[in-house]
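[1] the following comprises the amino acid sequence and a computationally predicted model.
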Amino acid sequence: MNSMTNEISIAIPAYRNANRLRRCLESIKRIDPNWLSLTVVTDDSGDGQVANELRNEFQPVKWIVHDTNQGFAYAANDAVLSCQSKWVLLLNDDSEIVDDPCVALSPLLTLPNVFAISLRSTDEQGKDREGAKKLIWRFGIAKILHNVKDQAPLLDGVSESSYAVGGHAVYNQNAFRRLGGFDSAFHPFYWEDVDICVRANKLGLRTLYTNDVTIVHRNDGAIKSNNNAAAIRYATWLNRLIFSQRHARGLQRALFKFGLVWQQLHAFITNDEPRKRALAEFSRRLTDKQRELNG
């Protein structure tokens, strides 16, 4: 048994699909069967069918069943905070471990002030999907740059990253707990992983990226399988606006209102209905919050 599997627990938030989760668990078992003493949270499992179907196949697994859909943040928090080790590898159920990540992770986990380490992901054909990330601001609205050319240069396969992708990243559990985990304000999905890393950074903690650990991230995940493109775009834009209002500072804070006007104009010109609806919902929430403050 790799001694690092004692130091790193695995947490998996899963949603409804037993076959998808089985692939993930089998990939872990191939690396080290002892690593199956992990935590799986099955979200919106109803009668517990997914857990019941897989329980005998993967007996060491600790199962937590949510009868109703709590969303990614809640399920992931439940999974991570149920682990006992200092470090937790958070995996989506549509992800699979390619090879033993412990060799590459071991020296990184001893570095000072590390909060999270994001892992390289590919599709089934080995094409890069997710790497390091760079957060920038344009007229008070946050934007994520995904391209390799926009990122900090790699040094021995490692670089700084603005955030760790929640579906395949290692977190310092103590810091994760201190930060209160992912914020459910970003329900149902997206931007909660950016938010927690930015909050960690404000405490002096670092987020790294390594391309020496590869995770296969398939295209049949819960979000794309259960939501159409318009719903995903709506949720992404709404949470992007929530994040921007929360974290914009200085000049960007001053530009935020202008950014909202520009986004409304751009959405109108391009007839981007999901963005229009997200902007309208965000404005409604701002109005409701202002009314509460005014009593």
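    Yes, it's here.
[2] can I take it that residue 79 is in a helix?
    Yes: assigned with DSSP: H, G, I helix; E, B strand; the rest coil, residue 79 falls within a helix.
[3] contacts only, for it.
    By Cβ atoms under 8 Å, 6 or more residues apart in numbering, residue 79 lies in contact with 11-13, 39-41, 64, 90. Any C-beta I mention is one placed from the backbone N, CA and C, and that applies to glycine too.
[4] again, only this time at 6 Å
    11, 13, 39, 41 (Cβ atoms under 6 Å, 6 or more residues apart in numbering).
[5] now do residue 86
    For residue 86, the contact set (Cβ under 6 Å, 6+ apart) comprises residue 173.
[6] what are the buried residues along stretch 164-177?
    For stretch 164-177, burial by neighbour count (16 or more other Cβ atoms under 10 Å) applies to 164-173, 175-176.
[7] distance between the ends of it?
    The stretch stretch 164-177 measures 16 Å between its terminal residues, going by Cα to Cα, to the nearest Å.
[8] just to revisit the earlier point, now tabulate the contacts of residue 79 in TSV and tack on secondary structure, distance to residue 254 and pLDDT.
    Below are the contacts of residue 79 laid out as TSV (DSSP: H, G, I helix; E, B strand; the rest coil; distance: Cβ to Cβ, whole Å; pLDDT from 0 to 100):
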residue	secondary structure	distance to residue 254	pLDDT
11	strand	40	94
13	strand	38	91
39	strand	44	88
41	strand	41	86
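[9] and the top strand by length along the chain, which residues are buried?
    Identified as the longest strand of the chain according to DSSP state E is strand 206-217. Within strand 206-217, the residues that qualify as buried are 206-217, counting by 16+ other Cβ under 10 Å.
[10] stretch 175-185 too?
    175-176, 179, 181-183.
[11] of those residues, which belong to helices?
    Residues of those located in helices (DSSP state H): 175-176.
[12] closest one to residue 281 out of the buried residues of stretch 175-185, please.
    Distance to residue 281 across the buried residues of stretch 175-185 (Cβ to Cβ) is lowest for residue 183, with 17.4 Å.
[13] partner residues bridging residue 144?
    Residue 144 has these beta-bridge partners by DSSP bridges: residue 135.
[14] please disregard the earlier target; I meant residue 172.
    residue 87.
[15] right, and residue 37 touches residue 58 too?
    No: judged on Cβ atoms under 6 Å, residue 37 makes no contact with residue 58 at a distance of 10.0 Å.
[16] these two: which is more packed in?
    Shown here are residue 37 and residue 58; by other Cβ atoms under 10 Å, residue 58 has more neighbours (19 against 16).
[17] contacting residues around that one?
    Residue 58 neighbours (Cβ under 6 Å, 6+ apart): 25, 36.
[18] closest one of the buried residues of strand 206-217 to residue 22?
    Distances from residue 22 to those, taken by Cβ to Cβ, are shortest for residue 216, at 14.4 Å.
[19] one step back: could you dump the buried residues of strand 206-217 to TSV with pLDDT and distance to residue 75?
    TSV is the format used below for the buried residues of strand 206-217 (pLDDT from 0 to 100; distance: Cβ to Cβ, whole Å):
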residue	pLDDT	distance to residue 75
206	97	26
207	98	21
208	97	25
209	96	24
210	96	25
211	93	28
212	94	28
213	93	23
214	92	24
215	94	19
216	94	21
217	89	17
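[20] farthest-separated two in these?
    Most distant of the buried residues of strand 206-217, by Cβ to Cβ, are 206 and 216, 26.2 Å apart.
[21] and the next helix or strand past the longest strand of the chain?
    Sequence order places helix 222-226 as the next helix or strand after strand 206-217, per DSSP states H and E.
[22] what is that next one packed up against?
    Counting contacts by 3 or more Cβ pairs under 6 Å, 6 or more residues apart in numbering; DSSP states H and E, helix 222-226 packs against no other helix or strand.
[23] where does the stretch 51-200 of the chain dip in pLDDT?
    For the stretch 51-200 of the chain, applying pLDDT under 70 flags no range at all.
[24] tell me which stretches of it form strands.
    In the stretch 51-200 of the chain, the strands defined using DSSP state E, counting those that start in this stretch lie at 62-65, 87-91, 95-97, 114-122, 128-130, 134-138, 141-145, 158-160, 168-172.
[25] out of those strands, flag the one nearest residue 107.
    strand 158-160 (9.1 Å).
[26] by contact count, what packs against the closest one?
    Applying 3+ Cβ pairs under 6 Å, 6+ apart, one finds that strand 158-160 makes contact with strand 206-217.
[27] in space, what's closest to residue 238 - neighbours in sequence excluded?
    residue 278 (4.1 Å; Cβ to Cβ, 6 or more residues apart in numbering).
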